[in-house]
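Participant: Attaching a predicted model along with its sequence, questions to come.
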Amino acid sequence: MTKKKFERPQLKNVEELSEELVLTSLKLSQANQRLREEQAARNDMFTSISHDLRSPLTAIKNAVELLSSMEECSSEKVSSLLKMMAGRIDTLEHLINDIFLLVSLDNNCAKMDLKPIQLGFFLEDFFFSREEDSLYKDRNLELLVPEDLDVYVNMDPAQMERVLDNLFTNAYKYSDKDATISLDATLKDNEVIISVKDTGIGIAKENLEKVFERCFIVETARTPGVSSTGFGLAITKSIIEHFNGKIWCESTLGEGSCFYISLPCEP
């Protein structure tokens, strides 16, 4: 048996080593920058969560202290305080549920009941349920989904309803009385494009890429009586990605916004 001839490793010259060192240094610098940005984003998120938790807890604590300190209190006063406390508890529950869902989606442990769903019927059912919702009584709702849209999409219907509800609620928050909110869907090759469009205040160009970030809330306008944790669109994006889809937004400030969802069709 012949021994394999020893091959001396080729040594790199100074120029090649310098180039590799520069590239490695650049990659490390980029990785460190991403880590700093992610850390800053986490800090902002925790700050926002702390504020959102503290506000309702403070209101509940003050109400309890007030009730405890009053020797006599009318039933109307007690009823008013209890109603306020119940509302704040609902806010806390909503926030906690959003945080839990977002963490579950991040770790790919959210329960998804994926199955082929006839999209046309699904969108119609969702739209008619929103027409019956008193929240939208002063908005003009339009259903533009074609009657012959006979396509199936692999999705979790409960999570998809959450996605559409987030988009409709968002359209309501950032629009005024008599604004129009429309639901549409079109078939393009082997995918279906769903859109939720409003004639609201719109989103500034510099904020378009930020709307899907956690805890990002456009502060230009707030609809009285409608709260927001800032997780809605982040959750929406994560759910759609679990369906192997994409979501994006187009908007003109002062004219309105349109959110698009692209999902692959089932054969």
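Facilitator: Yep, it's here. Residues are numbered from 1 along each chain as shown.
Participant: Helix, strand or coil: sort out I247 for me.
Facilitator: For I247, the secondary structure call by DSSP: H, G, I helix; E, B strand; the rest coil comes out as strand.
Participant: Please apply the same query to A185.
Facilitator: In three-state terms, and counting by three-state DSSP, A185 is strand.
Participant: which residues does it contact?
Facilitator: The neighbours of A185, taking Cβ atoms under 8 Å, 6 or more residues apart in numbering as the test, are L119, G120, L123, L144, V145, P146, L149, V192, I193, I194, S195. To be clear about C-beta, it is placed using only N, CA and C from the backbone, and glycine gets the same treatment.
Participant: Bridge partners for E191, pull those for me.
Facilitator: According to DSSP bridges, the residues that bridge with E191 are K188, P264.
Participant: wait, it sits on C265?
Facilitator: Yes: the criterion here is Cβ atoms under 8 Å, and E191 meets it with C265 at 6.1 Å.
Participant: So for the closest residue to L208 other than its chain neighbours, what's the pLDDT?
Facilitator: Taking Cβ to Cβ, 6 or more residues apart in numbering as the measure, L208 lies nearest to C249, with 5.8 Å between them; neighbours along the chain are not counted. The predicted structure scores C249 at 93 on the pLDDT scale.
Participant: ok, C249 to D133 distance?
Facilitator: Going from C249 to D133 by Cβ to Cβ, to the nearest Å gives 23 Å.
Participant: of those two, who's got more company?
Facilitator: Neighbours were tallied for C249 and for D133 using other Cβ atoms under 10 Å; the higher tally belongs to C249 (18 against 15).
Participant: List the contacts of the more buried one.
Facilitator: If a contact means Cβ under 8 Å, 6+ apart, then C249 has I203, L208, V211, F212, S257, C258, F259, Y260 as its contacts.
Participant: Buried only: go through those for me.
Facilitator: Neighbour counting over those (16 or more other Cβ atoms under 10 Å) leaves I203, V211, F212, S257, C258, F259 as the buried ones.
Participant: Cross those against strands and list the overlap.
Facilitator: Applying DSSP state E to the buried ones among the contacts of C249, the entries found in strands are S257, C258, F259.
Participant: Can you add distance to G87 and give those residues back as JSON lines?
Facilitator: Shown next, in JSON lines, are those (distance: Cβ to Cβ, whole Å):
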{"residue": "S257", "distance to G87": "28"}
{"residue": "C258", "distance to G87": "32"}
{"residue": "F259", "distance to G87": "28"}
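Participant: L95: which of these is nearest?
Facilitator: Taking Cβ to Cβ as the measure, L95 lies nearest F259 of these, at 22.5 Å.
Participant: from memory the closest one sits against I240, does it?
Facilitator: No: between F259 and I240 there is no contact under Cβ under 8 Å: 10.2 Å.
Participant: list residues touching both of the two?
Facilitator: Common neighbours of F259 and I240 are listed as I247 (criterion: Cβ under 8 Å, 6+ apart).
Participant: any idea which element F128 lies in?
Facilitator: Using DSSP states H and E, the secondary-structure element containing F128 is helix 119-131.
Participant: So what touches that helix?
Facilitator: Contacts for helix 119-131 (Cβ under 8 Å, 6+ apart): 136, 141, 143, 145-153, 157, 160-161, 164-165, 168, 183, 185, 192, 194, 263.
Participant: quick one: the helices in the stretch 151-267 of the chain?
Facilitator: In the stretch 151-267 of the chain, helices defined by DSSP state H, counting those that start in this stretch lie at 157-173, 232-242, listed in chain order.
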